[in-house]
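# Okay, here's the prediction I keep looking at, along with the sequence it came from:
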Amino acid sequence: FLRIAAVKASESAIKTRMAEEAEKKALRKKRMVQLGLTGLVFLLVVGVGMRFFLRHRRATKPVLFPETSARRRLAAPYSGGGNVQVSYLE
């Protein structure tokens, strides 16, 4: 009689333990999915925010052209080009 009662108690304890383990595993999986989705949403928000920030920054930035200086070239005193041609003739 004691042996049968011990086997039943053991089986009951095993079933309870397996149910607890399955519940913990399901909860862990649910948390990992939630964490993954939260990370994905965070990355999307950061990406969209950076895109708008960079676009706004580029749109408000003044357009600057490189500094230029008048150059002499052959007979035309300020027509562009390098000084090599002037030095060659002088």
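Sure, I can see it.

# Only C-alpha atoms from now on, for both contacts and neighbour counts.
OK.

# which residues in this protein form helices?
For the chain, helices defined by DSSP state H occupy the ranges 2-60, 84-89.

# Least confident of these, on average?
Lowest mean pLDDT within those: helix 84-89, a mean of 50.

# Including mean neighbour count, could the helices of the chain go into JSON lines?
Listed next are those as JSON lines, based on neighbours: other C-alpha atoms under 10 Å:
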{"stretch": "helix 2-60", "mean neighbour count": "12"}
{"stretch": "helix 84-89", "mean neighbour count": "10"}
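
# State the distance from G49 to H56.
Applying C-alpha to C-alpha, to the nearest Å, the value for G49 to H56 is 10 Å.

# How about V46?
Taken as C-alpha to C-alpha, the span from V46 to H56 is 15 Å.

# got the contact list for A5?
Contacts for A5 (C-alpha atoms under 8 Å, 6 or more residues apart in numbering) come out as none.

# Begin at 856 from now on, thanks
Okay, using 856 as the starting number, the last item reads as A860.

# how much space is there between it and S867?
Distance from A860 to S867, by C-alpha to C-alpha: 10 Å.
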